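S.K.: Give me a 3D structure for the following:
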Amino acid sequence: MSEDRREEKEYFFDHPRNVKAVAACCLVLLVILLVAEFFIHKHAHFPWEDWPEFYAVFGFVAFVFVVLVAKYILRPIVERREDYYD
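M.R.: Numbers count the residues shown, from 1 in each chain. Reported below is the predicted structural model:
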């Protein structure tokens with residue numbers, strides 16, 4: 001079998017339709033969880049934990065903080081010159 005006749009394996013996310021379907025499912029799940037939080041009792045230890053959507057906002061802010069720390073503080077520490085292996 002020659003190299004040019006070989007068919008590439010087709011994966012699930014190769015089709016834009018499947019990517020859109022997964023993104024839509026994630027958004028629907030997000031909305032369901034955000035609405036459900038208003039009906040689920042939380043056993044808060046601190047007053048701010050009772051604020052609506054506190055955990056969603058806290059998680060997002062923490063994620064952004066970790067990404068920024070990794071980009072601007074940790075990356076310069078571990079980064080090597082472009083010709084390091086030459």
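S.K.: contacts, neighbours, all on C-alpha from now
M.R.: Noted.
S.K.: how far away is the nearest residue to residue 13 once chain neighbours are set aside from residue 77?
M.R.: Nearest non-adjacent residue to residue 13, counting by C-alpha to C-alpha, 6 or more residues apart in numbering: residue 19, 5.7 Å away. Distance, residue 19 to residue 77, by C-alpha to C-alpha, to the nearest Å: 35 Å.
S.K.: With neighbour numbers in mind, choose between these two.
M.R.: Remark: of residue 19 and residue 77, residue 19 carries more neighbours, 13 against 9, as counted by other C-alpha atoms under 10 Å.
S.K.: Just the local confidence number for the more buried one, please.
M.R.: With respect to pLDDT, residue 19 has a value of 97.
S.K.: Surely it is in contact with residue 11?
M.R.: No. Here residue 19 does not reach residue 11: they are 11.2 Å apart, not a contact under C-alpha atoms under 8 Å.
S.K.: thinking again about what came up before, residue 10 versus the residue nearest to residue 13, what's the distance?
M.R.: The spacing between residue 19 and residue 10, counted by C-alpha to C-alpha, is 14 Å.
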